[in-house]
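# the sequence isn't on hand, but the structure is:
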């Protein structure tokens, strides 16, 4: 795997690419050629080679650079088997960060953005890719004009660039699937934290995700639990409203393929792991659905921690199962909205395993990397 970095550049998003080998991807035991199509932004370019795992060596023998003149040769369309459940497997380009305007040019307004999309399309055809997955809703809100949230546009994009992208993709026979990688929302920002909420236990009744220690996670980032609890009615309603907005704006486009939930640990579209989600409404629903009673008073200010300790000691697997069922029901509701808009639209769940070691609150209760 290698990454290209521009000296003096404000970012390192220009080009990252790699190849998985071993396990289900059998080794050839021969040197192979890996081709990339690249538009340099500056003449000073570096190549950095790396491997993703310790003690998994790799080798690079030669680097050849060619200037492309005229039309770029397209890759031959792969032979595809019959569709399964109405879908074929796609080969596509996937972004976690909205870095399109760093990769294929440096233009975030027309007509420069048009050239940038020309290059994206050329690259996809060149490499045989037919699907583009890119943030439609990022960390702090939508990239589309949202009546409920306002356009929280980040990382330099033209207004409503998704509409333009879909128009171009329709003409090229390509698909687009917006990703949602959500940490917080403007419509939820009025839920303020006060230190006394831990003492009184007030936090457990609100939408802020309450941790095993009774506290929220307001300044957390990747590798920490979510800020909000997806099971709270206000949080669920906000996400479903955005799904409806995306479908109203783009759902009729033949190039629109559905929606992807990008599930990092910190994403508020799930629980993250066992450290969070000990809000009243979750624990009450868990007790009702599983016909059990946690011996902690409902008005106990320290109930989140006491509930956590009792559950880990007495009902850990049942708690995990209940949370999975609750998420499945929510995802099913999203999928139904997509199917109702147009048959064939799909909800895709991208399970992103964290690259950070989790903080273990108590030995033997939540292990590093637990995602439940």
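All right, it came through fine. Note that the coordinates shown come from a computational prediction; the quantities given were computed from them, not determined experimentally.

# flag the shaky bits of the stretch 101-250 of the chain, pLDDT-wise.
151, 154, 193-203 (pLDDT under 70).

# swap in 90 and give it another go.
101-113, 123, 125-129, 150-159, 184, 188-225 (pLDDT under 90).

# now the strands for it?
All strands of the stretch 101-250 of the chain, identified by DSSP state E, counting those that start in this stretch, fall at 131-138, 141-142, 175-180.

# in the stretch 151-300 of the chain, which spans are helices?
Remark: helices assigned in the stretch 151-300 of the chain by DSSP state H, counting those that start in this stretch are 161-172, 196-200, 233-250, 280-290.

# quick one, the last one and helix 233-250 angle?
Between helix 280-290 and helix 233-250, the angle comes out at 90 degrees (axes from the mean of the first three to the mean of the last three CA atoms, to 10 degrees).

# would you mark the buried spots in helix 280-290?
Residues 280, 282-283, 286 are the ones in helix 280-290 that count as buried (16 or more other CB atoms under 10 Å). C-betas here are computed from N, CA, C, even on glycine.

# ok, so of those residues, who is nearest residue 262?
residue 282 (22.7 Å; CB to CB).

# if you skip the residues just before and after it, what's nearest to that closest one?
residue 231 (5.2 Å; CB to CB, 6 or more residues apart in numbering).

# mind listing what that neighbour touches?
Residue 231 sits next to 277, 279, 281-282, 285, 326, 330 when contact means CB atoms under 8 Å, 6 or more residues apart in numbering.

# please repeat the previous calculation with a cut-off of 10 Å.
Contact partners of residue 231, counting by CB atoms under 10 Å, 6 or more residues apart in numbering, are 207, 209, 270-271, 277, 279, 281-282, 285, 323, 326-327, 329-330.

# who wins for neighbours among those residues?
Highest neighbour count within the contacts of residue 231, by other CB atoms under 10 Å: residue 209, with 29 neighbours.

# what distance do you get for that one to residue 18?
34 Å (CB to CB, to the nearest Å).

# count of neighbours near residue 336?
11.

# quickly note the distance from it to residue 248.
With CB to CB as the criterion, residue 336 and residue 248 are 16 Å apart.

# do the same with residue 307
40 Å.

# those two: which is more packed in?
Legend: neighbour count by other CB under 10 Å for residue 307 and residue 248, higher for residue 307 (26 against 11).

# quick one: contacts for the more buried one?
204, 210, 212, 214, 278-280, 282-283, 286-287, 294-296, 300, 319.

# flag the least confident of those residues.
Looking at these by pLDDT, the weakest one is residue 204, with 72.

# hang on, isn't residue 123 packed against residue 72?
Yes. Using CB atoms under 10 Å, residue 123 is in contact with residue 72, at 8.3 Å.

# now do the shared contacts for the two.
Contacts common to residue 123 and residue 72, judged by CB under 10 Å, 6+ apart, are residue 37.

# more crowded one of the two?
Using other CB under 10 Å as the criterion, residue 123 and residue 72 rank with residue 123 on top: 18 against 12.

# skipping adjacent residues, who's closest to residue 116 in space?
residue 105 (4.0 Å).

# what's the separation between the one you found and residue 73?
21 Å.
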